[in-house]
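Asks: how would this look folded up:
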Amino acid sequence: MSSAEPHLKQFELEVCPQQFRLAVLAGDSMMLGFRPSGTEKPNITITRHQGNENKVESMLDSLHWLLVANNVLDTPLTAPNCVYNPMYMKDPSVHLLIAYSDGRQWGSMYALGELPENIRNLLDQVQYMAMQSLEPTSGEASGQVDPA
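Replies: Just a heads-up that it's a prediction; the model follows:
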């Protein structure tokens, strides 16, 4: 993407309750949390921005192209006022929030069994990419945390 084009500055995706979370913010750390099957506590990996600037920007670029490929910005919003609302995060649901440098924002919440096909594809692709790319390295913290 050229520097004149708007760029993705925020991407947050969570599968509730506490099954998977990826949060990437431009100029900030990245966080990947997931609950391995058969465990009660999620694994959390935090990639600190300092020393990993290229990794954070590369992840945002990759996420942008997944959003484009899955036509997410043209998908009608679904329950935008419920995104990351604690009342709705107790039930099986998917919360997605994105923002671009030009002010465009998009956010929706879906019941887990009611995902549109393009959002299901995005979820699968993001989970795969995050699990492949965000294994702990230097400058990253990882471990199991108390979900409370």
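Asks: for stretch 43-55, give the mean pLDDT please.
Replies: The average pLDDT within stretch 43-55 is 84.
Asks: list the buried residues of stretch 77-91.
Replies: Thr78, Cys82, Val83, Tyr88, Met89 (16 or more other C-beta atoms under 10 Å). Using the backbone N, CA and C atoms, a C-beta is placed for each residue, glycine as well.
Asks: so the fourth one is in which element?
Replies: Pointing back at Tyr88 there. If you go by DSSP states H and E, Tyr88 is not part of any helix or strand.
Asks: can you tell me how far it is from Pro17?
Replies: With distances taken as C-beta to C-beta, to the nearest Å, Tyr88 is found 10 Å from Pro17.
Asks: buried stuff in the helix or strand where Met131 lies?
Replies: In the assignment (DSSP H and E), Met131 maps to helix 117-133. Of the residues in helix 117-133, Ile119, Asn121, Leu122, Leu123, Gln125, Val126, Gln127, Ala130 count as buried by neighbour count, 16+ other C-beta under 10 Å.
Asks: just the pLDDT at the first one, thanks.
Replies: If I follow you right, that is Ile119. 97.
Asks: so that it lines up with my notes, have the first residue be 53 from now on.
Replies: With the count now opening at 53, the last piece we talked about shows up as Ile171.
Asks: check contacts around it.
Replies: Asn122, Val124, Thr127, Val146, Leu148, Ser160, Tyr162 (C-beta atoms under 8 Å, 6 or more residues apart in numbering).
Asks: can you pick the most crowded of those?
Replies: Leu148 (25 neighbours; other C-beta atoms under 10 Å).
Asks: what's opposite that residue in the beta bridge?
Replies: Residues in a beta bridge with Leu148, per DSSP bridges, are Leu65, Ser160.
Asks: let's have the contacts of Ile171 in CSV, adding distance to His101, pLDDT and secondary structure.
Replies: Shown next, in CSV, are these (distance: C-beta to C-beta, whole Å; pLDDT from 0 to 100; DSSP: H, G, I helix; E, B strand; the rest coil):
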residue, distance to His101, pLDDT, secondary structure
Asn122, 26, 97, coil
Val124, 25, 97, helix
Thr127, 29, 96, coil
Val146, 26, 97, strand
Leu148, 22, 97, strand
Ser160, 27, 97, strand
Tyr162, 30, 96, strand
